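*Asks:* attaching a predicted model along with its sequence, questions to come.
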Amino acid sequence: MARYKQVDMSSRFLAVDLSRQVLPGSFEYALSHLIDRLSLSAFESRYRNDAVGAPAYSPAVLLKIVLLAYSKGIMHSRDIEAACRENVVFMAISGDSHPHFTTLAHFVATLSEPIADVFSQVLTVCDREGLIGRQMFAIDGVKLPSNASKSKSGTRADFQRQAAKMRAQVNKILAQHRSGDESDSAAGALSKREADHLERLTREATQIEQWLERHPHDRYGPRNKVRQSNRTDNQSAKMATDKGVIQGYTAVAAVDDKHQIIVQAQAHGVGNEQELLIPVIEGLQAMLSADTVVSADAGYYSKANVQALDEREIRGCIPDPNYRRRDPRYAGQRQHQAKPDALWDKRPKINKGQLFRPQDFKVATDLSHCICPAGKRLYRNGRHHNLNGFEAVKFTGAKRDCEKCPLRVQCLRHPQRTQVRQVAIFLRKVIIERELEQCVERMKALIDSERGHELIAQRFATVEPVFGNIRFNKALNRFTLRGRTKIESQWKLSCLVHNIEKLANNGYAT
């Protein structure tokens, strides 16, 4: 039987040269080389110990420690502190520094402004190394939970009802207690369980009332729709994902297709991706060239977004939700849509007798008439009219057409007593819709072309591996902070790790 030398894993004292523990070509070497050459002047304003006070840890050292920890999937400050004491690579990268976990936590929580400058400098290095091609920027996002309680979400009206209900329950318990005291009954005394319950209700009602005083207004989304607030992190949002509903943020990244460098990273407390495209485009504006194509998936599609790209003269590729129905390669997909989905029923909804709206009528270019859904002509009724301050054109149907129309029930609110249909079309709205339709048709023509099919596949191959690397390899499955600025800083740190890893894999500092 073969004999082998004994492997001893016990503790020992070793003479270690820290400068030789970071090997050229590794992520740690590229990280140390890069941070030492960046301008960290944005951190200087945070220190006031020029003449008095104890020496502080260098921001370069703290940034190296945090980025190295994020590259290993270590997110919590206590674990990072332990790694600085026990891991040789962390000792080498930090010069054997041992910052306390509170120092690390405060450093990460206050990175909002400096990290944006560091992110831009790293992008400049990537560009200088030839890693950014500017041919296509692929945009996508991932919804991650944050350090917020989902059960504490609701509108101000919801919170007011909760507080009133708790106060009413407190008053009921106290009333029963007082009635027991008056009757000199032993049942009037509060038990410890009842006292604890009373204290908890009072405390929670007070917390809700104090929160309502600090936040006198609801959150609003598009079209002044009320959004749910959250009492632990009011900038987060309740979002539906494939694994259920979470309370968190949408982390968005724009990725260059040449070497998958993240050129823009943002975090928003919004679940609707349509609202996130324009902020990302505005952040990308300085890096766009005349040949750059901005690509996103169907979740970012809206007519307003398509028109915004057209107005900015940006070449976009955003497929509409129905693009696969027009693609012959997906001809058999409808048989799968008939299957019920536990989270989302994709079967078409049955129209429950909704009346025809003005947008269902096709207006002639010269505004002389319009065509109803039944194919009949409605004639213009005089000159332009003023409806609530807006200029509009009215059209009226012919009695001979409306009386015998098979769609009369769907067209008239009171078909028994109303003879003909009248429609008011706002002129400005017609002009805007025509401009929108032109932009939409141009985008559909691109999506349905061979070039569009290539861009869709290229977008998927560009951005999805990036999220796979950050979420699986770097173990970023949730945010640990609160507030949009802190969450965005944490997201930028993870994206920085990805970009520095790309630099190391492409021979930087070797």
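*Replies:* Nice, I can see it. Here the structure is a predicted model, which is why all the values come from computation and not from measurement.
*Asks:* using PDB, write out every CA atom in the lengthiest strand in the chain.
*Replies:* With secondary structure taken from DSSP state E, the chain has its longest strand at strand 244-256. Output in PDB follows, covering the C-alpha atoms of strand 244-256 (Å, rounded to 0.1, in the frame of the first residue of the first chain):
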ATOM      1  CA  GLY A 244     -42.700  35.900  -5.300                       C
ATOM      2  CA  VAL A 245     -43.100  39.500  -4.100                       C
ATOM      3  CA  ILE A 246     -40.100  41.200  -2.600                       C
ATOM      4  CA  GLN A 247     -39.400  44.600  -0.900                       C
ATOM      5  CA  GLY A 248     -36.400  46.000  -2.600                       C
ATOM      6  CA  TYR A 249     -34.700  47.800  -5.500                       C
ATOM      7  CA  THR A 250     -34.200  47.300  -9.200                       C
ATOM      8  CA  ALA A 251     -30.500  47.300 -10.000                       C
ATOM      9  CA  VAL A 252     -29.900  48.400 -13.600                       C
ATOM     10  CA  ALA A 253     -26.700  48.000 -15.600                       C
ATOM     11  CA  ALA A 254     -25.700  49.100 -19.100                       C
ATOM     12  CA  VAL A 255     -23.100  46.700 -20.500                       C
ATOM     13  CA  ASP A 256     -20.700  47.200 -23.500                       C
END
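*Asks:* run me through the strand neighbours of that strand, direction for each.
*Replies:* strand 136-145 (antiparallel), strand 237-241 (antiparallel), strand 262-268 (antiparallel) (DSSP bridges).
*Asks:* tell me the mean pLDDT for the second one?
*Replies:* Yep, that's strand 237-241 we're talking about. What strand 237-241 shows for mean pLDDT is 90.
*Asks:* quick check: buried residues in that strand?
*Replies:* Ala237, Lys238, Met239 (16 or more other Cβ atoms under 10 Å). Just so you know, the C-beta spots here come from the backbone N, C-alpha and C atoms, and that holds for glycine as well.
*Asks:* show me the beta-bridge partners of the last one.
*Replies:* As for beta bridges, Met239 partners with Ile246 under DSSP bridges.
*Asks:* change the start of the numbering to 408 and stick with it
*Replies:* With 408 as the first residue, the last one maps to Met646.
*Asks:* I'd say it and Ile653 touch.
*Replies:* Yes - counting by Cβ atoms under 8 Å, Met646 touches Ile653, with 5.5 Å between them.
*Asks:* mutual contacts of those two, please.
*Replies:* Lys550 (Cβ atoms under 8 Å, 6 or more residues apart in numbering).
*Asks:* Lys811 is nearest to which of the strands paired with strand 651-663?
*Replies:* strand 644-648 (47.1 Å; Cβ to Cβ).
*Asks:* so how far is the longest strand of the chain off the chain centroid?
*Replies:* The chain centroid and the centroid of strand 651-663 are separated by 4 Å, computed with Cα atoms, centre = their mean, to the nearest Å.
*Asks:* okay, buried residues for that strand please.
*Replies:* In strand 651-663, counting by 16+ other Cβ under 10 Å, buried: Ile653, Gln654, Gly655, Tyr656, Thr657, Ala658, Val659, Ala660, Ala661, Val662, Asp663.
*Asks:* for the residues you listed, work out which two are farthest apart.
*Replies:* Spanning the widest gap among the buried residues of strand 651-663 are Gln654 and Asp663, at 31.7 Å by Cβ to Cβ.
*Asks:* give me the mean pLDDT for the longest strand of the chain.
*Replies:* 94.
*Asks:* same check on stretch 785-804?
*Replies:* Stretch 785-804 shows a mean pLDDT of 77.
*Asks:* kindly report the same for stretch 817-833.
*Replies:* 88.
*Asks:* quick check: buried residues in that stretch?
*Replies:* In terms of neighbour count (16+ other Cβ under 10 Å), stretch 817-833 has its buried residues at Gln817, Cys818, Leu819, Val827, Arg828, Val830, Ile832, Phe833.
*Asks:* contacts for that stretch?
*Replies:* Outside stretch 817-833, the residues touching it (Cβ under 8 Å, 6+ apart) are 760-763, 765, 768, 770, 777, 779-781, 785, 788, 792, 794, 797-806, 809-810, 812, 815-816.
*Asks:* so which of the residues you listed belong to helices?
*Replies:* Among these, the residues falling in helices (DSSP state H) are Lys806, Cys809, Arg815, Val816.
*Asks:* tell me the one among these nearest to Ser448.
*Replies:* For the ones in helices among the contacts of stretch 817-833, the nearest to Ser448 is Val816 (72.0 Å; Cβ to Cβ).
*Asks:* Gly676: what's it in contact with?
*Replies:* With contact taken as Cβ under 8 Å, 6+ apart, Gly676 is in contact with Asp640, Gln642, Ser643, Ala644, Tyr656, Thr657, Arg891.
*Asks:* isn't the first one right up against Lys893?
*Replies:* What that stands for is Asp640. No - the pair formed by Asp640 and Lys893 falls short of the contact definition of Cβ under 8 Å, at 9.6 Å.
*Asks:* returning to what we had before: and which of the ones in helices among the contacts of stretch 817-833 is nearest Arg444?
*Replies:* Val816 (74.7 Å).
*Asks:* low-confidence stretches in the stretch 808-917 of the chain?
*Replies:* Counting by pLDDT under 70, the ranges of the stretch 808-917 of the chain that qualify are 835-841.
*Asks:* what about 80?
*Replies:* 833-844, 917 (pLDDT under 80).
*Asks:* can you tell me the centre-most residue of the chain?
*Replies:* Thr657 (2.2 Å; Cα atoms, centre = their mean).
*Asks:* list the contacts of it.
*Replies:* With Cβ under 8 Å, 6+ apart, Thr657 has these contacts: Gly548, Val549, Lys550, Ala644, Met646, Ala674, His675, Gly676, Val677, Gly678, Glu680, Leu683.
*Asks:* could you find the closest non-adjacent residue to the first one?
*Replies:* The spatially closest residue to Gly548, leaving aside those adjacent along the chain, is Val659, at 4.0 Å (Cβ to Cβ, 6 or more residues apart in numbering).
*Asks:* wait, that neighbour touches Ile685, no?
*Replies:* No - between Val659 and Ile685 there is no contact, the gap being 11.4 Å when judged by Cβ under 8 Å.
*Asks:* contacts only, for the closest residue to Leu785 other than its chain neighbours.
*Replies:* Spatial nearest neighbour of Leu785, excluding adjacent residues (Cβ to Cβ, 6+ apart): Phe802 at 4.0 Å. Neighbour list for Phe802: Phe768, His776, Cys777, Leu785, Tyr786, Arg787, Asn788, Gln829, Val830, Ala831, Ile832 [criterion: Cβ under 8 Å, 6+ apart].
*Asks:* look up which residues are beta-bridged to Phe802.
*Replies:* Going by DSSP bridges, Phe802 forms beta bridges with Arg787, Val830.
*Asks:* between the strands paired with strand 651-663, which one is nearest to Glu857?
*Replies:* So among these, strand 543-552 is nearest, using Cβ to Cβ, at 15.8 Å.
*Asks:* might you calculate how far the closest one sits from the centre of the chain?
*Replies:* 8 Å.
*Asks:* alpha carbons of it, in CSV - could you do that?
*Replies:* Provided in CSV are the C-alpha atoms of strand 543-552 (Å, rounded to 0.1, in the frame of the first residue of the first chain):
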residue,chain,number,x,y,z
MET,A,543,-23.8,48.3,-28.5
PHE,A,544,-24.8,49.0,-24.9
ALA,A,545,-27.2,46.4,-23.5
ILE,A,546,-29.4,47.5,-20.7
ASP,A,547,-31.1,45.2,-18.2
GLY,A,548,-32.0,45.0,-14.5
VAL,A,549,-32.4,42.7,-11.7
LYS,A,550,-34.8,43.0,-8.7
LEU,A,551,-33.2,42.3,-5.4
PRO,A,552,-34.6,42.5,-1.8
